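Enquirer: Mind looking at a prediction? Sequence and model below.
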Amino acid sequence: MINLGRIDGPVAYDHRLLSTDDGRTVQDFTVRVHLDPRDTTATAQLDQTRQRATDAVNAAYNQGFQIGDDQFHVTVEFTDDPADAHTSIALHGDTTPATTQTVWTTASSDLDLAHEIGHYLGLADENIDNIRVFNRDDTARHATDDS
């Protein structure tokens, strides 16, 4: 049985074209995030989680990849004011719900954090997930291997 419930996947970022001193163009995609700690552990590890997410985004995306002739770059900025953010992400520490685009835990892996930021850029989820119609098994994926 397929559940036709709703799954949100917001896309939100600022896009800038930057020029380097040596004449290269960099396309920067900035995602502004408000982390909303939901318990004392999350509050205590807020700065550490911000740093882990920033480092993970740099490791996953900022490795000299290209968009056409331009360099691709992702910036994640954290703000304490939800009104200044593209998104507000619930951060859990005492409990560990599944990591999603809008729910993180202090135990989420660095790769999971970078993966979830990628969704704000419009990157689709290719993981098998029997809750989602287009990801329920390996034959139903809406995204395929390009190799």
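Expert: It's in.
Enquirer: Show me where this structure has its helices.
Expert: For the chain, applying DSSP state H gives helices covering 40-44, 46-61, 110-120.
Enquirer: could you point out the longest strand in this structure?
Expert: strand 25-37 (DSSP state E).
Enquirer: Strand partners (parallel or antiparallel) of that strand?
Expert: When sheet partners are counted by DSSP bridges, strand 25-37 sits next to strand 14-19 (antiparallel), strand 70-78 (parallel), strand 87-92 (parallel).
Enquirer: How about stretch 95-102, which residues are buried there?
Expert: 99, 100, 101 (16 or more other Cβ atoms under 10 Å). In this view, the C-beta of every residue, glycine as well, is placed from N, C-alpha and C.
Enquirer: My read is that the last one contacts residue 113, right?
Expert: Put plainly, it is residue 101. No - with contacts counted by Cβ atoms under 8 Å, residue 101 stays clear of residue 113, the gap being 10.8 Å.
Enquirer: Is it correct that residue 67 is in contact with residue 25?
Expert: No - Residue 67 is beyond contact range of residue 25, at 9.4 Å (criterion: Cβ under 8 Å).
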